[in-house]
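Trainee: sequence plus the predicted model coming up.
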Amino acid sequence: MRVRRTSLVVAVVAMAAGALAPGGVARAGGHRTVQFPAHHTVQSGEWLWSIARQFMNRAYDDRGDRHGPTQRAIAHEVDQIRVLNRDELAGQHGQVYPGQRLLLAESSWDVPDGKAGWGTGFTWCTNERPPAHSRAPYSGLSMAVRPAHPPVTSGRTEQAVLTVTNGSDHRRGFSVQLTRGLLLDHDGRAVGGVVYTDAIGVNEITIEPHSRVRLAARVRATTCGDVPALDRRVAPGHYRLYGVFRWGTQGGRDGEWASPANRIRVVRR
């Protein structure tokens with residue numbers, strides 16, 4: 001068996017150190033203070049879109065972005081509010097009522113984000129969704145996923161292993177980006193999150209016939225938030241773990257590939 005792997009970093013991240021100050025105020029070195037309103041009490045006449053628009057306008061103003069949020073950014077924030085307040089909004093079909101307290105966290109942050117160790121550039125954190133597509137680069141390839149050190153610990157990011165097997169008689173080559181493990185609960189909803197940056201590792205993979213390669217991935221057992229208070233642990237229990245990555249070929253084809261589910265246990269140590 002011969003497996004050839006090379007790594008390419010397409011951008012360099014300049015790291016910015018930030019620390020969360022008391023009272024929900026984040027201070028990023030060299031930048032002015034940015035307010036993170038963690039909660040919002042619904043007022044009469046408000047609806048999810050208006051709440052999301054108001055919050056995003058305030059966030060963009062804090063960043064000095066004169067263009068303001070796009071309609072798409074506001075729509076993403078509405079989705080973020082739905083995810084963060086899943087229990088509070090259950091059965092309301094998108095409606096909100098005066099007096100309800102909603103948890104807010106911006107769904108897509110540029111910089112400064114005020115979170116220690118996060119980088120500049122195109123860096124954002126998003127709650128995962130179930131894989132929309134599951135297409136292998138070539139026929140004859142299969143993929144499996146498992147935690148590196150099971151069980152997974154609630155509130156932590158842990159290692160996983162994606163094993164790709166070439167069951168064909170042909171050598172196969174393709175690129176791999178953003179390998180990750182994705183947790184889904186018993187209702188089929190994604191519960192973890194992923195952090196994207198402008199430093200994306202691209203692995204060029206070549207697998208000989210009837211051989212396999214193992215790829216390193218990470219599993220986040222927290223929801224995705226923009227301040228530490230919003231990085232909530234997932235509840236202990238049983239989940240379905242998927243391995244997911246984006247792939248590309250020299251022929252210009254690309255897609256997203258998800259492994260079959262692997263039932264795993266999440267614990268709180």
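Mentor: Nice, I can see it.
Trainee: got the contact list for Gly237?
Mentor: Applying Cβ atoms under 8 Å, 6 or more residues apart in numbering to Gly237 gives the contacts 185-186, 265-266. From N, CA and C alone the C-beta is placed, and that goes for glycine too.
Trainee: if you average the pLDDT over stretch 43-60, what comes out?
Mentor: The average of the pLDDT scores along stretch 43-60 is 88.
Trainee: returning to that earlier point: most neighbours of all the contacts of Gly237, which one?
Mentor: Val266 (26 neighbours; other Cβ atoms under 10 Å).
Trainee: in a helix, that one, correct?
Mentor: No - counting by DSSP: H, G, I helix; E, B strand; the rest coil, Val266 falls outside a helix, being strand.
Trainee: name whatever forms a beta bridge with it.
Mentor: Going by DSSP bridges, Val266 is paired in beta bridges with Val152, Gly237.
Trainee: do I have it right that it meets Asp185?
Mentor: No - in terms of Cβ atoms under 8 Å, Val266 does not count as a neighbour of Asp185; the distance is 9.8 Å.
Trainee: what residue lies at the spatial centre of the chain?
Mentor: The centre of the chain sits closest to Val194, judged by Cα atoms, centre = their mean, with a distance of 2.1 Å.
Trainee: can you confirm Asp61 is in a helix?
Mentor: Yes - according to three-state DSSP, Asp61 belongs to a helix.
Trainee: return the residues in contact with it.
Mentor: With Cβ under 8 Å, 6+ apart, Asp61 has no contacts at all.
Trainee: show me the strands in the stretch 51-200 of the chain, by range?
Mentor: Per DSSP state E, counting those that start in this stretch, the stretch 51-200 of the chain carries strands over the ranges 101-103, 124-127, 141-147, 152-153, 157-166, 172-184, 193-196.
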